[in-house]
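In: One predicted model, sequence on top.
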Amino acid sequence: MVNDAAPHTRSSGRKFRAFTAKHLDELTARAGLSPDQQLAVRAVATVLPFRTNAYVIEELIDWSAAPDDPIYRLVFPQEDMLPEADVAHLAGLLRREAPKAEVEAAAHAVRMKLNPHPAGQMELNIPTFGDGKIPGLQHKYDETVLYFPKQGQTCHAYCTYCFRWAQFVGEPDLKMAGDEPDQLRRYLLAHPEVTSVLFTGGDAMIMGEPVLRRYIEPLLDLEQLESIRIGTKSLAYWPQKFVTDPDADAMLRLFEQVVQSGKNLAFMAHFTHPRELEPLMVAEACRRIRDTGAVIRTQAPLIRTINDDPKVWENMWRTQTRMGLVPYYMFVERDTGPQDYFAVPLADAYEIFRDAYANVSGLSRTVRGPSMSATPGKVCVDGVLDLFGEKVFALHFIQARDSSLVNRPFYAKFDPNAVWLDDLKPAFADKFPFEA
């Protein structure tokens, strides 16, 4: 067990217990932070959400290595995640015990500078249907609809890099959520080009089986649907959901029902570090899910200070393949929240991906990346080349708003500091193919 400093009593069969911002001082003191550092962390947590649970604290974090432990950094706010001036201002408000409304107003002002909804999520992805827009529904790519169930808009624990952080900060105007399964069904029937629905959030696996069934069951007789996907971090942060939780068996029966209806049920499982795969509970949860006929595909972003090492990714992909999981995506950290803190330059990201990819078998080479989920689509960095005397990035669209662009190569001028598509300039052309 990597966590030598954890309590002897394990959480394997215990009821879920959450830790929130009110527990930060106690937990960060355990990591050895000084009172001033603890205050700075609490200041960051007024802007970005904090939530973890007993399983993460007792089973995954190596407290003897905190605060440098990668899992600690994965779930705990860091004092330098936000601009120093903003953190100092918020810390000052907390120190003098300013009124709650004043703290919240200052936190909101900082949030609005952090691009809370990247890639046109609110402006471009929400379609008009019937009398207006459908709450909690996004339709970016022709064949895929995303749905955000109202009851699934939280997580067992929050990742500090999360690009959906705006869902969890208690501001209704920033939140996407829907509670009308029949409306989702009607939309799909009106759009026969849609062949896949992805339940996302938050985390759909926060929901109990009866609630998740409300959303899934009305879709099972739709012949147009080939797949139902569930985006989830639960296998890493609370595998008990599928093994010892009271509705674990009922949930697995629901999964079997989806598969028996002729749909591909795919778990888009987020594993950010190899340690999340180590507990025996995770292997058992994966086995039980796979026994229903569901497929588990794995994905995560490349995150500085947490997994920016090819050996980490090689280890993850090889372990996942042994467990029967399908490596699927290495993402680039999105242009939202504390992107400057976590981002890895695209040139470095490509080298990390290439070096890890070179050391795994063909079964693990199902993985794609590094991929940017940008406004025009999913852009993959294929390499760095010298063409016609110019150093360039070779890129292509894995997915695109304009489906005619999918899998077409294009080029950008090499920039060693670029961390996102918007940082790049076209090579050999006046504009990129996705630009009007």
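Out: Right, received. Where do you want to start? Numbers count the residues shown, from 1 in each chain.
In: Who are the contact partners of residue 243?
Out: 281, 284-285, 288 (Cβ atoms under 8 Å, 6 or more residues apart in numbering). Every C-beta, even on glycine, is put in place using the N, C-alpha and C of the backbone.
In: from those, which is closest to residue 389?
Out: residue 285 (53.1 Å; Cβ to Cβ).
In: residue closest to the middle of this protein?
Out: The centroid of the chain falls nearest to residue 162 when counting by Cα atoms, centre = their mean (5.7 Å).
In: Quick check: phi and psi on that one?
Out: With angles defined as degrees, to the nearest 10, residue 162 sits at phi -50, psi 130.
In: Hmm, it is touching residue 337, no?
Out: Yes: using Cβ atoms under 8 Å, residue 162 is in contact with residue 337, at 7.1 Å.
In: Roughly how far does residue 272 sit from residue 312?
Out: Remark: distance between residue 272 and residue 312 (Cβ to Cβ, to the nearest Å) = 9 Å.
In: Residue 300 is in what secondary structure piece?
Out: Element membership of residue 300, judged by DSSP states H and E, is strand 295-302.
In: what residues does that strand touch?
Out: Contacts of strand 295-302 (Cβ under 8 Å, 6+ apart): 161, 163, 235, 264-272, 286, 289-290, 307-308, 313, 316-317, 320, 324-334, 342, 344, 349, 352-353, 369-370.
In: Which strands border that strand, and is each parallel or antiparallel?
Out: strand 264-270 (parallel), strand 326-332 (parallel) (DSSP bridges).
In: continuing past it, what's the next helix or strand?
Out: From strand 295-302, the next helix or strand downstream (DSSP H and E) is helix 310-322.
In: what's in contact with that following helix?
Out: 271, 273-274, 277, 298, 300, 302, 307, 326-327, 330, 351-356, 359-361, 363-364, 367.
In: Which ChimeraX command selects the buried ones in the residues you listed?
Out: Filtering the contacts of helix 310-322 down to the buried ones (16 or more other Cβ atoms under 10 Å) takes a single ChimeraX command:
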select :271,273,274,277,298,300,302,307,326,327,330,351,352,353,356,360,364,367
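In: circling back: generate a ChimeraX selection restricted to the buried subset of the contacts of strand 295-302.
Out: Selection of the buried residues among those in ChimeraX, burial being defined by 16+ other Cβ under 10 Å:
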select :161,163,235,265,266,267,268,269,270,271,272,286,289,290,307,308,313,316,317,320,325,326,327,328,329,330,331,332,333,334,342,344,349,352,353,369,370
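In: check contacts around residue 103.
Out: 46, 90, 93-94.
In: how about it, secondary structure?
Out: When classified by DSSP: H, G, I helix; E, B strand; the rest coil, residue 103 comes out as helix.
In: Could you give the average pLDDT over stretch 63-81?
Out: In this model, stretch 63-81 has an average pLDDT of 95.
In: end to end, how far does that stretch reach?
Out: The first and final residues of stretch 63-81 sit 21 Å from each other (Cα to Cα, to the nearest Å).
In: What ranges in the stretch 101-250 of the chain fall below the confidence cut-off?
Out: Within the stretch 101-250 of the chain, the segments meeting pLDDT under 70 span 119-122.
In: Which stretches in it count as helices?
Out: Along the stretch 101-250 of the chain, counting by DSSP state H, counting those that start in this stretch, helices occupy 181-190, 209-216, 234-237, 248-260.
In: Relative to residue 169, which of those is closest?
Out: Here helix 234-237 is closest among the helices of the stretch 101-250 of the chain (Cβ to Cβ), at 19.1 Å.
In: Contacts for stretch 209-226, please.
Out: Residues outside stretch 209-226 that contact it (Cβ under 8 Å, 6+ apart) are 147, 149, 151-152, 181-182, 184-185, 188-189, 192, 194-197, 199, 204-205, 228, 247, 250-251, 254, 257-258, 261, 263-264.
In: Recalculate using a threshold of 7 Å.
Out: 149, 151, 181-182, 185, 188, 192, 194-197, 199, 204, 228, 247, 250-251, 254, 258, 261, 263-264 (Cβ atoms under 7 Å, 6 or more residues apart in numbering).
In: Could you find the closest non-adjacent residue to residue 281?
Out: Leaving aside its chain neighbours, residue 281 sits nearest to residue 239 (4.5 Å; criterion: Cβ to Cβ, 6 or more residues apart in numbering).
In: Can you give me the neighbour number for that neighbour?
Out: Using other Cβ atoms under 10 Å, residue 239 has 27 other residues around it.
In: And it, how far from residue 299?
Out: With Cβ to Cβ as the criterion, residue 239 and residue 299 are 17 Å apart.
In: which other helices and strands contact the host helix or strand of residue 27?
Out: Assigned by DSSP H and E, residue 27 belongs to helix 24-30. Secondary-structure packing of helix 24-30 (3 or more Cβ pairs under 7 Å, 6 or more residues apart in numbering; DSSP states H and E): helix 35-45.
In: what's the following helix or strand after the helix it packs on?
Out: strand 52-53.
In: So which bits of stretch 91-106 are buried?
Out: Buried-residue list, stretch 91-106, by 16+ other Cβ under 10 Å: 91, 93-94, 103-104, 106.
In: From those, pick the one nearest residue 139.
Out: residue 104 (32.8 Å).
In: what number of residues lie near the residue nearest to that closest one when sequence neighbours are not counted?
Out: Leaving out its chain neighbours, the residue that sits closest to residue 104 by Cβ to Cβ, 6+ apart is residue 46, at 7.6 Å. Neighbourhood size, residue 46 [other Cβ under 10 Å]: 24.
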